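>>> sequence-free structure coming up:
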């Protein structure tokens, strides 16, 4: 499959029959969400491979050109976030390589779920909704639809369930941006559910519980 992005792998059992690919936010790495796996309380008999890819380190314009892990450059702090679309799509292509590698390893595409937090969520939307085979679901956390005006939706993933989570008090990515994503996806006839939590730009225990239940249902 060629070179894959460096990543951390956690398996809940040997011989996994499902995969969750989970993308971190700006300045973090694959270890960021790794500790969440046991907290999801998935059913004892579930055999899931969690893959936490590491974004490459690049200069980030809004942080004074400081080099840090990032899926793409953010060019200005505008409400809709002027971003480097080309880099975002390049990152989405790297995630597609990981999806295709999982399929090559014998995981059915319908049992592959993409999840992403903040910047990682913007890449996850692009990767999942342009992918040419049916996927199992898309989880978007505290993120925004950076490519909403340019994305080319894949017919194969028109009925993918999309879950959006966001903090009511998020000072980094305003919750209104998730509402914009929901609106856009509903206009395109996606099945979308949105839930907010009393938190800032983070995750909380109630949300982790909800994610665990949703994953268990999707992968039952």
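Structure's in. What do you need? Just so you know, these numbers come straight off a predicted model, no measurement behind them.

>>> use CA for all of it now, contacts and neighbours both
OK.

>>> so how far is the longest helix along the chain off the chain centroid?
Criterion DSSP state H: the longest helix present in the chain is helix 85-104. Helix 85-104 sits 12 Å away from the centroid of its parent chain (CA atoms, centre = their mean, to the nearest Å).

>>> measure residue 59 to residue 71 for me?
11 Å (CA to CA, to the nearest Å).

>>> got the contact list for the nearest residue to residue 201 once chain neighbours are set aside?
Among residues not flanking residue 201 along the chain, residue 170 sits closest, at 4.8 Å (CA to CA, 6 or more residues apart in numbering). Contacts for residue 170 (CA atoms under 8 Å, 6 or more residues apart in numbering) come out as 142, 199, 200, 201.

>>> wait, isn't residue 118 in contact with residue 139?
No: the pair residue 118 / residue 139 is not scored as a contact, 11.2 Å apart, by CA atoms under 8 Å.

>>> near residue 150, how many other residues are there?
Residues lying near residue 150 (other CA atoms under 10 Å) number 9.

>>> likewise for the one 4 residues further on?
Applying the criterion other CA under 10 Å, we find 14 residues in the vicinity of residue 154.

>>> does it touch residue 129 like I think?
Yes: here residue 154 reaches residue 129: they are 5.9 Å apart, a contact under CA under 8 Å.

>>> show residues contacting stretch 147-158.
Residues from elsewhere that reach stretch 147-158 (CA under 8 Å, 6+ apart): 85, 122, 126, 128-135, 181, 184, 189-190.

>>> now, which of those lie within strands?
Judged by DSSP state E, strands contain none of the contacts of stretch 147-158.

>>> and those residues, which are buried?
85, 122, 126, 128, 129, 130, 131, 133, 134, 135, 181, 190 (16 or more other CA atoms under 10 Å).

>>> and which of those is nearest residue 15?
Nearest to residue 15, judged by CA to CA, of these is residue 135 at 19.5 Å.

>>> excluding sequence neighbours, find me the nearest residue to the closest one.
residue 110 (4.3 Å).

>>> quick one on the thing from earlier: tell me the pLDDT of the residue nearest to residue 201.
With respect to pLDDT, residue 170 scores 96.

>>> hang on, it in a helix?
No: assigned with DSSP: H, G, I helix; E, B strand; the rest coil, residue 170 falls outside any helix and is coil.

>>> so what's the backbone phi/psi at it?
When read as degrees, to the nearest 10, the backbone of residue 170 gives phi -70, psi 120.

>>> tell me how far it lies from residue 211.
Computed as CA to CA, the residue 170 to residue 211 distance reads 19 Å.

>>> that older thread, right, and the residue nearest to residue 135 touches residue 138 too?
No: counting by CA under 8 Å, residue 110 does not reach residue 138; the two are 11.4 Å apart.

>>> who has more neighbours, these two?
Set side by side, residue 110 and residue 138 show more neighbours around residue 138, with 25 against 18, by other CA under 10 Å.

>>> perfect, that will be all.
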